[in-house]
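**Q** With the sequence up front, the predicted model follows.
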Amino acid sequence: MALNHLTLSLQFAPEAAAHRAQLPRHKVTRWIRHALALDAEITVRIVGADEGQRLNREFRHKDYATNVLTFDYQQEPTVLADLVLCAPVVEREAREQGKTLEEHYAHLLVHGTLHAQGWDHETSEEDAQEMEAYETAILQELGFADPYGG
């Protein structure tokens, strides 16, 4: 599999700095590149609960912090996107799902990267199943278990 070029900006809000050790640049780059079909410029920002909730409220009109928000600005010829992950939500979900923090971050970064390329799981059950199967294949290629427990 030929991997595409990725220009990555990796940012940590002060309240999410404790997660920096779980997300070294080389791992984040590897996880995202495995989900890319084209070259990309992606910013990954790890935020706290307040920023995560504010962004979800402003852009999705949902007043709670969610695990990952994808802001896709362009899909071709180069993917341009921001992925915002909310550290406390990711940590809580990993614990509840019996996953390591690394496993859950890898899954959410792959998931967000697919969204940045136009994949959608909210339109139909068929689209959701197709996206989940692709995510699972990518994560297994990276050495992770099926994130959906299949």
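**A** Thanks, I have it.
**Q** Residues in contact with stretch 130-137: which ones?
**A** Ala35, His107, Val110, His111, Leu114, Trp119, Asp120, His121, Asp146, Pro147, Tyr148, Gly150 (C-beta atoms under 8 Å, 6 or more residues apart in numbering). Glycine gets a C-beta too; all of them are placed from N, C-alpha and C.
**Q** Which of those fall within helices?
**A** Mapping the contacts of stretch 130-137 onto helices (DSSP state H) picks out His107, Val110, His111, Leu114.
**Q** Give me the neighbour count for the first one.
**A** So that's His107. 28 (other C-beta atoms under 10 Å).
**Q** residue contacts, the closest residue in space to it that isn't next to it in sequence?
**A** Closest residue in space to His107, ignoring its immediate chain neighbours: Pro147 at 4.1 Å, by C-beta to C-beta, 6 or more residues apart in numbering. By C-beta under 8 Å, 6+ apart, Pro147 lies in contact with Lys99, Glu103, His104, His107, Glu135, Thr136, Leu139.
**Q** distance of Pro147 from Phe12?
**A** 23 Å (C-beta to C-beta, to the nearest Å).
**Q** again with Lys99
**A** According to C-beta to C-beta, Lys99 and Phe12 sit 21 Å apart.
**Q** in this protein, which residue is closest to the centre?
**A** Taking C-alpha atoms, centre = their mean, the centroid of the chain lies closest to Leu109, which sits 2.3 Å from it.
**Q** show me what contacts that one?
**A** Counted by C-beta under 8 Å, 6+ apart, Leu109 has contacts Val28, Trp31, Ile32, Ala35, Val44, Val68, Leu83, Leu85.
**Q** For Leu8, pull up the helix or strand it's in.
**A** Using DSSP states H and E, Leu8 sits in strand 6-12.
**Q** and that strand, C-alpha only, in PDB?
**A** Taking Å, rounded to 0.1, in the frame of the first residue of the first chain, the C-alpha atoms of strand 6-12 are listed here in PDB:
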ATOM      1  CA  LEU A   6       0.800  14.200   5.000                       C
ATOM      2  CA  THR A   7       1.600  17.700   6.400                       C
ATOM      3  CA  LEU A   8       0.600  17.400  10.100                       C
ATOM      4  CA  SER A   9       0.200  20.100  12.700                       C
ATOM      5  CA  LEU A  10      -0.300  18.500  16.200                       C
ATOM      6  CA  GLN A  11      -1.500  20.800  18.900                       C
ATOM      7  CA  PHE A  12      -2.400  20.300  22.600                       C
END
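**Q** Thanks again, I'm all set now.
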